[in-house]
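Participant: have a look at this prediction, sequence included:
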There are 2 protein chains.
Amino acid sequence: MTLTTTLEAQLQANTARATFTALRCKECGENYEPKAVHVCEFCFGPLEVVYDYEAIRQQVSRETIAAGPHSIWRYRAFLPVATDNYIDVGTGMTPLVQANRLARRLGLKKLYIKNDAVNMPTLSFKDRVVSVALSRARELGFTTVSCASTGNLANSTAAIAAHAGLDCCVFIPADLEAGKVLGTVIYSPTVMAVKGNYDQVNRLCSEVANTHGWGFVNINLRPYYSEGSKTLGYEVAEQLGWELPDHVVAPLASGSLFTKIHKGFSEFVKVGLVDDKPVRFSGAQAEGCSPIAQAFREDRDFITPVKPNTIAKSIAIGNPADGVYALDLARKTNGNIESVTDAEIIEGIKLLAETEGIFTETAGGTTVAVLKKLVEAGKIGSDETTVVYITGNGLKTQEAIQGYVGEPLTIEPKLESFEQAMERARTLDRLEWQQVLV
Amino acid sequence: MTLTTTLEAQLQANTARATFTALRCKECGENYEPKAVHVCEFCFGPLEVVYDYEAIRQQVSRETIAAGPHSIWRYRAFLPVATDNYIDVGTGMTPLVQANRLARRLGLKKLYIKNDAVNMPTLSFKDRVVSVALSRARELGFTTVSCASTGNLANSTAAIAAHAGLDCCVFIPADLEAGKVLGTVIYSPTVMAVKGNYDQVNRLCSEVANTHGWGFVNINLRPYYSEGSKTLGYEVAEQLGWELPDHVVAPLASGSLFTKIHKGFSEFVKVGLVDDKPVRFSGAQAEGCSPIAQAFREDRDFITPVKPNTIAKSIAIGNPADGVYALDLARKTNGNIESVTDAEIIEGIKLLAETEGIFTETAGGTTVAVLKKLVEAGKIGSDETTVVYITGNGLKTQEAIQGYVGEPLTIEPKLESFEQAMERARTLDRLEWQQVLV
């Protein structure tokens, strides 16, 4: 797992063109070489990538970006990958859907859905972070990649590793949804199903990372990995016509996605691609795992870990690594952090599907339900241009809604059987009829 | 369901810009107004859209297309929609993946996967045909849309109708995969589960179309609907750098997709966007429903309907509407039509996932398995630039492979439990170990 001399040389040659220069501790500011490290040796703070923004400013313009690939790699200058040999499987540039029907239902004027439920290749925003992490892993000489996952990350790591020809071992909690397990094993990685929750899986992986020299995308490669989420900020700004929205609503798991959307916006302001303006950041959690929402509600500046118990498994992180940063961001931007029940999550999934034709998983249901709650509480104004981040696909969490949605009317292959079914449906009004089906 | 005067006027005004002029019978050449009709009154032949290619040639260039939206609507001039008020939910422009690892495994030099498993919004090529059909349905004044479906079409019609605010009623065979049923009902259409196979569903829908005045995308709107598949030809030509491939492998259900890819290539040649060259067309069927492959094998020029019995339900059409045209195309381009067993289909799904990180449904497994069979039989040359069309996502047909893929290794959240599992895995070589898991 060590770098070969050839690789070192290649890396050296290519790093000349890279816009990132180091890793730096978010807490004490100590600098590190951009290798596979993620924790400060002095204060145990998390490390973050440092860029030369003057170099970036000279390399990019709205035009060069628009002329780039239709993927996250159009923002290559803002990503911590040293060579041009990155892995591009079409990840990113998902639609920003103007959600007029949902907006009308909620009483908003301008609402957009950033739809990562159709991200490539594995239908969640994790394809962004994994594309970046595995590109960097290859540069750093890793031949085996790994992750601790609530499901989506496992799908993405296994798929992109398969495409890139990297060996792969993923760790998941043993009670994961069937679609997420199958959507991982199909790519033939080694899959470890750990009898425990995500936080236990994560602790085990930290130990394995220390002993096995594998590239764990969300542990020793985390500084690179997490930068991939910035593209969710860049894309929205570009898709809005090089403008920032007024309000963002996004799910909170570790809290990383949330803060990186903000970092994406800030970097675009910094290099002059968009004008600065205040953007409010609101976060969504499931009540059964809402340590950040609880801290927000109780006006605490620390997170008390919880034991997750919710259908929204993909965001069920009881001890969120970036929780305090998310908390801070919501407060300083005049946003909110809110939680919703499992029943509200299911209603959120149905609401988005019915109004916009988008089928999201439980995390997306959480976000839509929180959007609704915030609008009803007057915490999102009807005039605010609001962007809601939908981060994963409903086909992966089918068991969560089975039994809570309508069922087909079974008929014989005859016109008269069809007419009878229509008659039955008509005699009840549409709402009652749906209730009967539920 | 009739056109209002306002709509008529709007339509008239906009049709001035349209490049299509009529519908024409494919058999006898009789012309029809471009309304919701699909069968010739004289000879019962299918109707097809007629275009003014001189007008198209004047409207489009490689540059205007490349500057258009990143969706099928960049090819607007080639599609039968009269107004600019079409429904764009990001459908199309799916990745053309250079499949180096699969190519190496099979012994090919240049292999591409056209990956509609990540098409938007519902992860199959049907989003293309439905986007076109519902856009046209709205122009023609329909407020209720419908379809006869093997699953993917139901997903797509329900989702895009929800987004567009159209009422929707879909018909499916009662024995469909759970993911396809849930992926339809979630959008709250009326769903009729018909006790019968697709061909029986289709016959029932023809009767309903005649009596209810609904817009059935694949019946009375079929001439418009089927044109959507041409975009699978346009995109591949554009993504190959405005060139045609040497060989195409695509699944055959009704046979429409197959012939429309060819039509897309031909139209690009006709208006001067690409140079003409011979392209071989090979079709894939599941042995349990292979009426076109059987006719090809037996050198017949007519199709004998069969009763479907295969896990590849999305392509299980026993009486394919465009079967003879598909047969003719394969023959005249020096291609082949081949079928594979259900076991080979599962192997095809696994092969594509392992080598390229793409998880496809049974139809895609069929196509990959046929690709393999044709290469092994020397019917695709190693030097031919080959494009394989993957038309749907594996998350929708999970039951088809459950039990045939590996399972996770269950461990305790302890380093030593992980090491033991790794040891167990290592003692068997990788291949044997996978067999144990299967």
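Facilitator: Thanks, I have the structure now.
Participant: what about the residue of the stretch 251-400 of chain A found nearest chain B, how many residues close to it?
Facilitator: Ranking the residues of the stretch 251-400 of chain A by distance to chain B (C-beta to the nearest C-beta) places A:Gly357 first, at 3.6 Å. C-betas here are computed from N, CA, C, even on glycine. Residues lying near A:Gly357 (other C-beta atoms under 10 Å in any protein chain shown) number 26.
Participant: what does the one 5 residues further on give?
Facilitator: The tally of other residues near A:Thr362 (other C-beta under 10 Å) stands at 28.
Participant: thinking again about what came up before, what pLDDT does the model give the residue of the stretch 251-400 of chain A closest to chain B?
Facilitator: Looking at A:Gly357, its pLDDT reads 97.
Participant: doesn't B:Gly165 make contact with it?
Facilitator: No - if you go by C-beta atoms under 8 Å, A:Gly357 and B:Gly165 don't touch, sitting 9.9 Å apart.
Participant: so where do the helices sit in the stretch 51-200 of chain A?
Facilitator: For the stretch 51-200 of chain A, helices defined by DSSP state H, counting those that start in this stretch occupy the ranges A:53-59, A:62-66, A:100-106, A:126-139, A:152-164, A:178-185, A:198-212.
Participant: list the buried residues for the second one?
Facilitator: I take that to be helix A:62-66. Neighbour-count burial for helix A:62-66, counted by 16 or more other C-beta atoms under 10 Å in any protein chain shown, picks out A:Ile65.
Participant: now render the helices of the stretch 51-200 of chain A as a markdown table, adding mean pLDDT.
Facilitator: Below are the helices of the stretch 51-200 of chain A laid out as a markdown table (pLDDT from 0 to 100):
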| stretch | mean pLDDT |
| --- | --- |
| helix A:53-59 | 95 |
| helix A:62-66 | 96 |
| helix A:100-106 | 98 |
| helix A:126-139 | 98 |
| helix A:152-164 | 98 |
| helix A:178-185 | 94 |
| helix A:198-212 | 93 |
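Participant: what residue is smack in the middle of chain A?
Facilitator: Nearest residue to the geometric centre of chain A (C-alpha atoms, centre = their mean): A:Phe125, 4.1 Å.
Participant: what pLDDT does it get?
Facilitator: Listed pLDDT for A:Phe125 reads 98.
Participant: from B:Leu240, how far out is it?
Facilitator: Distance of A:Phe125 to B:Leu240, given as C-beta to C-beta, to the nearest Å: 30 Å.
Participant: ok, now A:Gly272?
Facilitator: Separation of A:Gly272 from B:Leu240 (C-beta to C-beta): 37 Å.
Participant: who's more crowded, these two?
Facilitator: Taking other C-beta under 10 Å, A:Gly272 and B:Leu240 do not tie; B:Leu240 has more neighbours (16 against 12).
Participant: and that one, what is it in contact with?
Facilitator: B:Leu96, B:Tyr112, B:Thr385, B:Val387 (C-beta atoms under 8 Å, 6 or more residues apart in numbering or on different chains).
Participant: what are the pairing partners of whichever strand or helix holds A:Ala250, and which direction each?
Facilitator: Using DSSP states H and E, the element containing A:Ala250 is strand A:247-251. Listed by DSSP bridges, the sheet partners of strand A:247-251 and their directions read strand A:280-286 (parallel), strand A:386-390 (parallel).
Participant: out of those strands, the one nearest B:Arg138 is which?
Facilitator: Among the strands paired with strand A:247-251, the nearest to B:Arg138 by C-beta to C-beta is strand A:386-390 (25.3 Å).
Participant: pull the residues that contact that closest one.
Facilitator: Contacts to strand A:386-390, defined as C-beta under 8 Å, 6+ apart, come from residues A:96, A:99, A:108, A:110-117, A:125, A:232, A:236, A:240, A:245-251, A:257, A:261, A:352, A:358, A:360, A:364, A:367-368, A:371, A:380.
Participant: got the domain boundaries for chain A?
Facilitator: What the record gives for chain A is the domain set A:96-123+A:228-400, A:125-222, from the TED database.
Participant: tell me the most buried of these?
Facilitator: Here the criterion is mean neighbour count by mean count of other C-beta atoms under 10 Å in any protein chain shown, and of the domains of chain A the winner is domain A:125-222, at a mean of 24.
Participant: can you measure across that domain, start residue to end residue?
Facilitator: Using C-alpha to C-alpha, to the nearest Å, the end-to-end distance of domain A:125-222 comes to 15 Å.
Participant: any part of it near chain B?
Facilitator: Yes - using C-beta under 8 Å from any C-beta of the partner chain, domain A:125-222 reaches chain B at A:158-165, A:172, A:174, A:178-179, A:181-183, A:185-188, A:190-196, A:200-201, A:203-204, A:207-208, A:211.
Participant: from what I can see A:Val274 touches A:Glu267, true?
Facilitator: No - between A:Val274 and A:Glu267 there is no contact, the gap being 9.8 Å when judged by C-beta under 8 Å.
Participant: got any residues that touch both of these two?
Facilitator: Counting by C-beta under 8 Å, 6+ apart, A:Val274 and A:Glu267 have no contacts in common.
Participant: for chain A, which spans come out with low pLDDT?
Facilitator: By pLDDT under 70, the low-scoring segments of chain A are A:1-17, A:428-438.
Participant: now do A:Asn152 against chain B, distance only.
Facilitator: Counting by C-beta to the nearest C-beta, to the nearest Å, the gap between A:Asn152 and chain B amounts to 12 Å.
Participant: now that residue: how far from B:Ala209?
Facilitator: Going from A:Asn152 to B:Ala209 by C-beta to C-beta gives 41 Å.
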